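Student: Predicted coordinates and the sequence they were generated for:
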Amino acid sequence: MTADTRNSALDAATGLPPARTPWEETWRLLRKNRLAFSGLLIFVIFFLVAVAGILLTAGSRPVLDPAQVRLQEKLLPPLSLPNHEVLPPEALPPLGRYLLGTDDLGRDVFARMLQGAWVSLTVGFVAVGIAVIIGIILGGLAGYYGDQELEVGHLLVWTTGVIAAFLLLTNRPAGAAAAAAASAVIWIVMRRERSLYEGPPSRRRWFTRGLVSVDTLIMRAVDVMLCFPSFFLILTVVALLPASLYNIMVVIGLTSWMGTTRFVRAEFLSLREQDFVAAARALGIGDMRIIFRHIMPNAMAPVLVSATLGIATAILTEAGLSFLGFGVPPPHATWGNILSDGKQFIFDAPWLTFAPGIVILIVVLAFNLFGEGLRDIMNPKLRERN
Amino acid sequence: MKSEAERTSLQGVPQPGQNVPILQVRDLKKSFPVKRGLMQRTRQLVRAVDGVDLDIAAGRTLGLVGESGCGKSTVARMILRLLKSDSGTIRFEGRVIDALSEKQFKPLRRSIQMIFQDPYSSLNPRMTVAQSIAEGVRIAGIAGRRQQRERIEELLTMVGMPPAVADRYPHEFSGGQRQRVGIARALSVAPRLILCDEPISALDVSIQAQIINLLKDLQDRLGLSYLFISHDLHVVSYICDNVCVMYRGRIVEAAPADALFDDPRHPYTHKLLASAPSLLAKAEQPPPVEARRDPLPPGACTYAQQCPEMDSACLDGPTAMHQVGPDHWVRCPPAAGKNP
């Protein structure tokens, strides 16, 4: 008897439809949603191309060299054949043709696009990864511990702690030790005070009096961050920092966590009041296990959706930065700087503009379609429409 | 079924030779602030629970009846420490539990469990039945994977579910089946007291009977005590040994179940009994009393505005419960005075 037939026999016995996990259900609905599924398909292809790109273009002797300059062969249209007479054999394109033509320095645009794909992929994923991690932590704090008041003493502990860290980083260990000690003393005094006196908040001593709730603090920080026109904030920061792929990923990540924070907070607020959380608490399960085992898996759906849409935005932001010359420094190719280089030759060599432009369009559109589809699938209220 | 002597000992002070009640609640209070306006100042306090006394004898069932919003669930949540009480004492097996710190209370947590009203929100949708129950089994100290699995299947059998459903998700079950899983989860830590917060009011009538019988059966087999919260008087009369009627945060009448149904004293209990749907007693419904809207002096009987038998004494306030029979107490001077 195979596992399958045993299962169906069991289903007949219990009178239940065949077992389906939530993930299987999502997958089934995803396949029914054609736009979202094609988005996912394009994403998978993009992922494979980017991985192939880094394998083919990296190293000291890459198969496809995006930095190979051939001044005799510049601005050739797509699919043109290389001139075997003028080129040394090591400069010939390994595919026999320039699939997407060459640029103003005679570099193979196809190789440069492949190299750029990896940049877009890593920027998209790492930046969104950073944003999602910050968003989950802050949103979870605001949602689960939001009622708790931040006290004057807490603020003093944190301020002295930050001063200690700052002094330590600027190599003044004596001052750092003093600040850390002050921080610890305030913390101990606060603990004692709280265990000694439990009364109405208004009658507490000044340093254990509530100042602002955790929720207010975090959500107002979100509001403040949303006030900045984020592209120009990124532009400013990138102008001050040395240009590198990692700086760009971190900066994009640090300026795009607000949406996730709001989603996670909203989910936590509603899930916290559910009976299954009360039941978990009644069983005596600890806070951390409740947060990560009981609430988090239920809060992941909107996070996943906003992350997918966020990847599209991050790719677009990186392309924009590169286009403006603030991105990854040349000679490394990114879709944005291929586009930027190509704009001077838009009438002589339109493929230099169209190749990265269309690819950015397709990838961003694929992520958006996939994200929107995922949102429809994971929201049971919207499910009925499809 | 139960002798009269047995029943009289259920309420009030424990008599010599009797066990300490498993749960004793005295003068429990909780009010919620109503915050309004820009500065979120507290404008008024809603007294959700206003001095509640309860006693549950070991192995018995106490019914807590009242309209929605009268504070029944708040009482249960305070006993479980899901909510912090404002004042009053809660004793579990003679030990005051509301003064304990969270750490000191943790070992006692396992002894008190809860069954929830809504079977749809009381199970984690992303966990299989086995995973949900395993959380409790783990807390109960069963470590090995195989032992945990055996215990889960034993618990499922105990609540009348085939053990094969263990790896299913809650959305694959009906309300009654989910409620059984919820009961299995509560039993997983081997509690001695279970708070049933309207466990059947979200279920079909035919399923209700099954769950009630399951609860009775489990009580006989495991010696559980129940606090049974409901607004359905028929169900309460069937399952409970004693009943407390609650109105606006106060117990207005407490009596053994038979006495309450045979000889209800408080006007609110009358109204509750009359409003229960019945095929036979349709004509006996009392005419509805128009609610008086004039403000009451502080301390007046909270029911005075709707009470058909209100007199001036009610405005002074029913401060105490009056005994009107063996273990039959009522918080209404006119009703108590009628038949001393």
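Tutor: In hand now; what should we look at?
Student: Where do the domain boundaries of chain B fall?
Tutor: B:13-33+B:44-111+B:191-278+B:285-338, B:127-188 (automatic domain parsing).
Student: quick one: average confidence on the longest one?
Tutor: Pointing back at domain B:13-33+B:44-111+B:191-278+B:285-338 there. If you average the pLDDT over domain B:13-33+B:44-111+B:191-278+B:285-338, you get 82.
Student: for stretch A:302-320, same thing?
Tutor: For stretch A:302-320, mean pLDDT rounds to 88.
Student: related to what we said a few turns ago, for chain A, find the nearest of the domains of chain B.
Tutor: domain B:13-33+B:44-111+B:191-278+B:285-338 (3.9 Å; C-beta to the nearest C-beta). Just so you know, the C-beta spots here come from the backbone N, C-alpha and C atoms, and that holds for glycine as well.
Student: Which residues does stretch B:128-146 contact?
Tutor: A:276, A:280, A:283-285, A:293, B:110, B:123-124, B:148-149, B:151-152, B:155-156, B:165-170, B:181, B:184-186, B:188-190 (C-beta atoms under 8 Å, 6 or more residues apart in numbering or on different chains).
Student: Adding mean neighbour count, write the domains of chain B out as a markdown table.
Tutor: Output for the domains of chain B, formatted as a markdown table (neighbours: other C-beta atoms under 10 Å in any protein chain shown):
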| stretch | mean neighbour count |
| --- | --- |
| domain B:13-33+B:44-111+B:191-278+B:285-338 | 18 |
| domain B:127-188 | 19 |
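Student: mind listing what residue B:88 touches?
Tutor: Per C-beta under 8 Å, 6+ apart, neighbours of residue B:88: B:25, B:26, B:27, B:28, B:29, B:51, B:52, B:98.
Student: quick one: contacts for the residue most central in space within chain B?
Tutor: In chain B, the C-alpha nearest the mean C-alpha coordinate belongs to residue B:229, at 3.1 Å (C-alpha atoms, centre = their mean). By C-beta under 8 Å, 6+ apart, the contact set of residue B:229 is B:63, B:64, B:65, B:72, B:73, B:75, B:76, B:195, B:196, B:197, B:198.
Student: so how many other residues sit close to residue A:79?
Tutor: 11 (other C-beta atoms under 10 Å in any protein chain shown).
Student: Can you say which helix or strand has the residue minimising distance to the centre of chain A in it?
Tutor: Centroid check for chain A by C-alpha atoms, centre = their mean gives residue A:128 as the closest residue, at 0.5 Å. When elements are assigned from DSSP states H and E, residue A:128 belongs to helix A:109-144.
Student: follow-up on the earlier one: any idea how far the residue nearest to the centre of chain B lies from residue B:64?
Tutor: Taking C-beta to C-beta, to the nearest Å as the measure, residue B:229 falls 5 Å from residue B:64.
Student: same question, residue B:160
Tutor: With distances taken as C-beta to C-beta, residue B:160 is found 26 Å from residue B:64.
Student: need the residues of the stretch 51-200 of chain B near chain A, please.
Tutor: B:77, B:80, B:82, B:106, B:109-110, B:112-114, B:116-118, B:121-127, B:132, B:135-136, B:139, B:162, B:164-165, B:167-169, B:172-173, B:182, B:185-186, B:188-189 (C-beta under 8 Å from any C-beta of the partner chain).
Student: how about a cut-off of 7 Å?
Tutor: B:80, B:82, B:106, B:109-110, B:113-114, B:116, B:118, B:121-126, B:135-136, B:139, B:162, B:164-165, B:167-169, B:172, B:185, B:189 (C-beta under 7 Å from any C-beta of the partner chain).
Student: Looking at these, which are in helices?
Tutor: Among these, DSSP state H puts B:106, B:109, B:135, B:136, B:139, B:185 in helices.
Student: Can you pull the phi and psi angles for the closest residue to residue B:46 other than its chain neighbours?
Tutor: In space, and not counting its chain neighbours, residue B:46 is closest to residue B:32: 4.9 Å by C-beta to C-beta, 6 or more residues apart in numbering or on different chains. For residue B:32, the backbone dihedrals (degrees, to the nearest 10) come out as phi -110, psi 130.
Student: Report the separation between the two terminal residues of stretch A:82-96.
Tutor: Counting by C-alpha to C-alpha, to the nearest Å, you get 7 Å between the two ends of stretch A:82-96.
Student: that older thread, surely the residue nearest to residue B:46 and residue B:50 touch.
Tutor: No: shown here, residue B:32 and residue B:50 do not form a contact pair, counting by C-beta atoms under 7 Å, at 11.8 Å.
Student: Enumerate the residues of the stretch 201-350 of chain A near chain B.
Tutor: Contacts of the stretch 201-350 of chain A with chain B, taken as C-beta under 7 Å from any C-beta, map to A:274-276, A:278-285, A:294, A:297-298.
Student: Now the buried members of the residues you listed.
Tutor: Using 16 or more other C-beta atoms under 10 Å in any protein chain shown as the burial test, these include A:274-276, A:278-285, A:294, A:298 as buried.
Student: which residues of the stretch 51-200 of chain A fall in strands?
Tutor: Residue ranges of the strands in the stretch 51-200 of chain A, as given by DSSP state E, counting those that start in this stretch, are A:149-151.
Student: where exactly do the helices run in it?
Tutor: Assigned by DSSP state H, counting those that start in this stretch, the helices in the stretch 51-200 of chain A fall at A:109-144, A:152-169, A:173-196.
Student: try the stretch 251-386 of chain A
Tutor: Going by DSSP H, counting those that start in this stretch, the stretch 251-386 of chain A shows helices at A:258-272, A:275-283, A:287-289, A:296-323, A:335-342, A:351-378, A:380-383.
Student: lowest-confidence stretch among these?
Tutor: Here those differ in mean pLDDT, and the lowest is helix A:380-383 at a mean of 57.
Student: Grab the longest helix from chain B for me.
Tutor: helix B:205-222.
Student: And it, what does it pack against?
Tutor: helix B:175-187, helix B:233-239 (3 or more C-beta pairs under 7 Å, 6 or more residues apart in numbering or on different chains; DSSP states H and E).
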